[in-house]
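Trainee: show me how the following folds:
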Amino acid sequence: MKARVVVTLKKSVLDPQGLAVGRALGSLGFNEVKDVRLGKVIELDLDAKDPAEAKKRVLDMCEKLLANTVIEEYRVEEIR
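Mentor: Numbering: from 1, shown residues only. Just a heads-up that it's a prediction; the model follows:
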């Protein structure tokens, strides 16, 4: 079973990398970009049969290791 988790900084947290990328895009002529927030995508290959149980385990992984829940938020995009 495969799972994909997207982790991003909370909206209230300054994203210096996103600001730098936004400025660089503007300097390259991509003036339509108003804001950039960077994050990470984590793909997991799970040895599981039940999608509901797999999602529960992935959420637990996010809470314990994959995301710093003080400054980051996460979402599980797919379990297949």
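
Trainee: dihedrals phi and psi, the most far-flung residue of the chain relative to its centre?
Mentor: When each C-alpha in the chain is compared with the mean C-alpha position (CA atoms, centre = their mean), residue 29 comes out farthest, at 27.0 Å. Residue 29 adopts backbone torsions of phi 100, psi 0, taken as degrees, to the nearest 10.

Trainee: what sits against it?
Mentor: With contacts defined as CB atoms under 8 Å, 6 or more residues apart in numbering, residue 29 has no neighbours. From N, CA and C alone the C-beta is placed, and that goes for glycine too.

Trainee: let's see the pLDDT reported for residue 78.
Mentor: The model reports residue 78 with a pLDDT of 77.

Trainee: check residue 12 too.
Mentor: pLDDT recorded at residue 12 is 96.

Trainee: in a helix, it, correct?
Mentor: No: looking at residue 12 with DSSP: H, G, I helix; E, B strand; the rest coil, it is coil, so not inside a helix.

Trainee: so how far is residue 37 from it?
Mentor: 12 Å (CB to CB, to the nearest Å).
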